[in-house]
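Peer 1: here are the coordinates; sequence isn't available:
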């Protein structure tokens, strides 16, 4: 069920009054039933995967907590890992690895051919498997008390606002919130609705409006002028940001309306002055998950410089593969891993150079923001391109200015509209560094009403209502 669909509006209109009226375990049963209905709207057969993950991790958690044998506790944890990662391996990566193996054998002279095995990817499987895995790992590490109530645990796994595309909320943060009835407060309703509206502005107003121009450019990299291709990459950077940040805001805002705190998943990432800062601002729930459960488990920065760089690269490579079963995603992850390594290597020399030249900090900050954004856009090419030929052709043509002509850029109205939308979002986010607009709006009902009306007008005027799915649903 899409947040930008009529079905969701009907679902919410039926769910919310019941949620407000119910209390205790009856409310938990409503949350669970609503969450399964929300997810099963796509394909009811995949509800079995959520149910199996829930049952396995619930039982494993109880047995880990009951055991004092470290070896047994570790075996139990690996059972949970095997089930969850097994689902990912079969549904998300089996076809990718088999096709890669066949291609490698053919390149080595093997003449056989295998028909590709097409397996439907369950929506959001990467998100809820990571969420349940973090629970089991934290129980194993004795950082989290085990959850003995199966109903509460099932609600934690399947909670519909963040089920299919995050944020990936840790059990230590979300599970305790199911132990009490979350009161419906006016400030939560107002703040949640405000976040949802801004999410729809980003998704329906900006991201979906940019999508047509982006798609056309990535489909015609051999024929369109390089000026158009460069704009296509620039627009994609804001399309994917608007799409995913928009979804996250709608999910977090919906949680807030229901009385739940789901944290924060984006914090103005394109204002980052370093790549480490970018990953502290972009998809925060995933980047922190990779840091805590992968990077630190590999050793982090505790065993020397060389191993630190190795751990950074492995973490980002696996983070790239998490996003999709394609070598283009692996390259995207490798680029970001390389950025982080180069940043660590060049950081001290850069600081000495800036101090020696007495470059004003404001000017340096602007320059760093532009550099980080430029290289982030380079990586986005591989994230968006369907194959390496498309990615390398686009990069080559843009870098060599092949056919550069602003006059030849097609769909000029789309370009002007897209630039205006991006400028509006960037200006709003830049202003938020200076003024706490959200808090000011919540405290002033008149301002809140005007802001809400303006957001609705923006969505109605600029929005594209084609029912486009969110990009991160495929991950």
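Peer 2: Looks like it came in fine. In this text the structure is predicted, and so the values were computed from the model without any measurement.
Peer 1: how about the helices in the stretch 201-350 of the chain?
Peer 2: Using DSSP state H, counting those that start in this stretch, the helices of the stretch 201-350 of the chain run over 208-219, 226-257, 275-281, 284-290, 296-298, 305-323, 327-357.
Peer 1: rounded to a whole number, what's the mean pLDDT of the longest one?
Peer 2: Along helix 226-257, the predicted confidence averages to a pLDDT of 94.
Peer 1: So which bits of it are buried?
Peer 2: Neighbour counts over helix 226-257 (16 or more other Cβ atoms under 10 Å) mark 226-257 as buried. All C-beta spots, glycine's among them, are computed from the backbone N, C-alpha and C.
Peer 1: So residue 305 versus residue 299, what's the distance?
Peer 2: Using Cβ to Cβ, to the nearest Å, one gets 12 Å for the distance from residue 305 to residue 299.
Peer 1: Quick check: which of the helices of the stretch 201-350 of the chain is nearest to residue 10?
Peer 2: Across the helices of the stretch 201-350 of the chain, the minimum distance to residue 10, taken as Cβ to Cβ, is reached by helix 226-257, at 14.9 Å.
Peer 1: Give me the helices and strands touching that closest one, please.
Peer 2: helix 186-200, helix 208-219, helix 361-384, helix 388-399, helix 412-432 (3 or more Cβ pairs under 8 Å, 6 or more residues apart in numbering; DSSP states H and E).
Peer 1: chain center to that helix: distance?
Peer 2: 10 Å (Cα atoms, centre = their mean, to the nearest Å).
Peer 1: Then stretch 143-155?
Peer 2: So, by Cα atoms, centre = their mean, the centroid of stretch 143-155 is 25 Å from its chain's centroid.
Peer 1: so for that stretch, what's the average pLDDT?
Peer 2: When pLDDT is averaged over stretch 143-155, the result is 95.
Peer 1: residues of it that come out buried?
Peer 2: Of the residues in stretch 143-155, those buried by neighbour count under the rule 16+ other Cβ under 10 Å are 144, 146, 147, 152, 153, 154, 155.
Peer 1: Of those, which is the nearest to residue 375?
Peer 2: Nearest to residue 375 among the buried residues of stretch 143-155, with distances taken as Cβ to Cβ, is residue 144, at 37.3 Å.
Peer 1: And what about the closest one, helix, strand or coil?
Peer 2: Following DSSP: H, G, I helix; E, B strand; the rest coil, we place residue 144 in the coil state.
Peer 1: The spatially closest residue to residue 336 that is not a sequence neighbour and residue 281, how far apart?
Peer 2: Leaving aside its chain neighbours, residue 336 sits nearest to residue 316 (4.8 Å; criterion: Cβ to Cβ, 6 or more residues apart in numbering). According to Cβ to Cβ, residue 316 stands 16 Å off from residue 281.
Peer 1: again with residue 318
Peer 2: Per Cβ to Cβ, residue 318 is found 20 Å from residue 281.
Peer 1: Residue 60 and residue 75 touch, don't they?
Peer 2: No. In terms of Cβ atoms under 8 Å, residue 60 does not count as a neighbour of residue 75; the distance is 9.9 Å.
Peer 1: Neighbour count for these two, which is higher?
Peer 2: More crowded of residue 60 and residue 75, by other Cβ atoms under 10 Å: residue 60, with 25 against 14.
Peer 1: Before we move on, what's the pLDDT of that one?
Peer 2: pLDDT, residue 60: 95.
Peer 1: Could you say which of the helices of the stretch 201-350 of the chain is packed most deeply?
Peer 2: Highest mean neighbour count of the helices of the stretch 201-350 of the chain: helix 226-257, a mean of 24 (counted as mean count of other Cβ atoms under 10 Å).
Peer 1: Let me know the helix or strand that residue 123 is in.
Peer 2: Of the helices and strands defined by DSSP states H and E, none includes residue 123.
Peer 1: Give the burial count for it, as a bare number.
Peer 2: 23.
Peer 1: Same question for residue 67.
Peer 2: 14.
Peer 1: Then residue 35?
Peer 2: Neighbours of residue 35 using other Cβ under 10 Å come to 21.
Peer 1: residue contacts, it?
Peer 2: Residues in contact with residue 35, defined by Cβ atoms under 8 Å, 6 or more residues apart in numbering, are 155, 158, 159, 160, 163.
Peer 1: again, only this time at 7 Å
Peer 2: Residues in contact with residue 35, defined by Cβ atoms under 7 Å, 6 or more residues apart in numbering, are 158, 159, 160, 163.
Peer 1: show me the contacts for residue 196.
Peer 2: 249, 250, 253, 254.
Peer 1: returning to what we had before: TSV for the helices and strands packed on helix 226-257, including distance to residue 349?
Peer 2: Below are the helices and strands packed on helix 226-257 laid out as TSV (distance: least, Cβ to Cβ, whole Å):
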stretch	distance to residue 349
helix 186-200	40
helix 208-219	37
helix 361-384	14
helix 388-399	26
helix 412-432	30
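Peer 1: for those, which one sits closest to residue 54?
Peer 2: Using Cβ to Cβ, those put helix 186-200 closest to residue 54, at 26.3 Å.
Peer 1: Give the rounded mean pLDDT of that closest one.
Peer 2: When pLDDT is averaged along helix 186-200, the result is 89.
Peer 1: Quick one: work out the angle between that helix and helix 412-432.
Peer 2: With axes from the mean of the first three to the mean of the last three Cα atoms, to 10 degrees defining the directions, helix 186-200 sits at 150 degrees from helix 412-432.
Peer 1: So which bits of helix 186-200 are buried?
Peer 2: Residues 188, 190, 191, 192, 193, 194, 195, 196, 197, 198, 199, 200 are the ones in helix 186-200 that count as buried (16+ other Cβ under 10 Å).
Peer 1: And for stretch 360-369?
Peer 2: 368, 369.
Peer 1: for that stretch, the distance to its chain's centre please.
Peer 2: Centroid separation for stretch 360-369 versus its chain: 28 Å, with Cα atoms, centre = their mean.
Peer 1: likewise stretch 242-262?
Peer 2: Computed by Cα atoms, centre = their mean, the chain-centroid distance of stretch 242-262 equals 12 Å.
Peer 1: same thing with stretch 281-290?
Peer 2: What separates the centre of stretch 281-290 from the centre of its chain is 8 Å, taken as Cα atoms, centre = their mean.
Peer 1: Need the residues that contact it.
Peer 2: Outside stretch 281-290, the residues that touch it by Cβ under 7 Å, 6+ apart are 130, 134, 166-169, 263-269, 272, 279, 315, 319.
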